[in-house]
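Asker: Quick one: sequence plus predicted model below, questions after.
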Amino acid sequence: MRLGTFNLMHGRSLTDGLVDSERVGAAVAGLDADVLGLQEVDRGQPRSGHADLARIAADALGAAEMLFVPAVVGTPGEGFRVATDADGEGLDPHYGVALVSRYPVTQWRVTRLPAAPLRAPIMIQGPRRGRLRLLDDEPRVLVAAVVETPIGRMTIATTHLSFVPGWNVRQLRLVLRALRAMPAPRVLLADLNLPGGLPRLFSGWHRLAGVPTYPAHAPRVQFDHVLADRRGFERLPRVVDVASPELPFSDHRPLVVTVARSTPRPPDRLGQI
């Protein structure tokens with residue numbers, strides 16, 4: 001089973017500045033994830049050609065289930081309002097997160113996370129180099145699902161936490177509180193805007209992969225994580241592969257973890273003679 005997380009950066013290439021739906025679909029298909037958490041997902045945005053990026057990803061993976069939930073209506077950095085549950089459908093420009101699954105989902109749960117009440121500097125990646133901008137924080141959203149997987153029923157969730165230091169830790173605690181009410185084992189596929197081992201430190205959850213994912217061209221920091229709750233952890237298969245390929249768009253690299261049951265050792269035939 002392959003579990004992945006990917007901050008799409010609304011599908012924009014840092015090389016040519018374009019959003020190409022076919023390029024996005026081909027790249028996501030290549031990840032071959034069974035369950036994929038997506039962040040910075042556009043739907044109906046002029047900047048991404050009014051594409052439904054979550055639907056493109058779901059179709060690319062042949063997914064049976066998909067839920068896109070907008071965090072804002074409008075365009076971050078230009079003008080937006082806080083999205084509500086009533087904004088799940090509609091023609092307005094939306095921006096949020098999505099969870100895509102090849103396996104059946106028996107329950108969805110959405111938890112909205114408030115934005116930080118202050119501006120903070122953030123590095124904006126460009127074709128040549130990054131630049132710091134002072135930005136208003138955006139509200140965030142957690143999308144969680146009870147999924148019927150080959151190893152049984154489990155909870156898999158995705159979110160994209162604030163870039164404001166400290167506030168993202170507060171949001172992480174809200175995420176953990178929401179997920180505790182859902183069945184174990186539990187896995188979080190997310191851009192937490194917390195580097196390296198900090199998510200494990202603040203959550204107590206296991207980190208299933210420790211590789212840098214940002215910036216995409218020369219990763220030095222891991223902001224993108226696959227975490228597993230300690231409760232029910234023993235029921236998860238072991239990690240047999242970790243991949244974080246460079247793709248032709250986004251300032252993040254995806255993170256895909258493959259888990260599998262250990263192959264039983266064949267019987268010792270000489271010992272049976």
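Answerer: Happy to help now that I have it.
Asker: Which helix or strand lies directly C-terminal to the longest helix along the chain?
Answerer: In the chain, assigned by DSSP state H, the helix with the most residues is helix 167-180. Following helix 167-180 in sequence order, the next helix or strand is strand 186-191 (DSSP states H and E).
Asker: After that following strand, which helix or strand is next?
Answerer: That would be, after strand 186-191 and using DSSP H and E, helix 198-203.
Asker: Name the surrounding residues that touch that next one.
Answerer: Defining contact as C-beta atoms under 8 Å, 6 or more residues apart in numbering, one finds that helix 198-203 is touched by 169, 172, 173, 176, 192, 194, 205, 206, 207, 225, 227. Yep, even glycine has a C-beta here, placed from its N, CA and C like the rest.
Asker: For those, could you give me TSV that also reports pLDDT, distance to residue 11 and neighbour count?
Answerer: Shown next, in TSV, are these (pLDDT from 0 to 100; distance: C-beta to C-beta, whole Å; neighbours: other C-beta atoms under 10 Å):
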residue	pLDDT	distance to residue 11	neighbour count
169	98	29	19
172	98	26	25
173	98	31	12
176	98	30	18
192	98	21	26
194	98	24	24
205	98	29	22
206	97	31	15
207	97	27	17
225	98	21	28
227	98	25	24
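Asker: Low-confidence bits of the stretch 101-250 of the chain, can you list those?
Answerer: Applying pLDDT under 70 to the stretch 101-250 of the chain picks out residues 119-134.
Asker: Spell out the residue ranges of the strands in it.
Answerer: 105-113, 119-124, 131-136, 140-149, 152-160, 186-191, 206-207, 224-228, 238-243 (DSSP state E, counting those that start in this stretch).
Asker: okay, the angle between the fourth one and helix 167-180?
Answerer: Counting by axes from the mean of the first three to the mean of the last three C-alpha atoms, to 10 degrees, strand 140-149 points 30 degrees away from the direction of helix 167-180.
Asker: Return the set of buried residues in stretch 210-229.
Answerer: Neighbour counts over stretch 210-229 (16 or more other C-beta atoms under 10 Å) mark 212-216, 219, 222-229 as buried.
Asker: now do the same end-to-end measure for stretch 239-253.
Answerer: Counting by C-alpha to C-alpha, to the nearest Å, you get 19 Å between the two ends of stretch 239-253.
Asker: How about stretch 85-98?
Answerer: Span of stretch 85-98 from end to end, C-alpha to C-alpha: 14 Å.
Asker: Run through the bridge partners of the closest residue to residue 106 other than its chain neighbours.
Answerer: Using C-beta to C-beta, 6 or more residues apart in numbering and skipping the chain neighbours, the partner closest in space to residue 106 is residue 146 (4.9 Å). On the basis of DSSP bridges, residue 146 is bridged to residue 107, residue 155.
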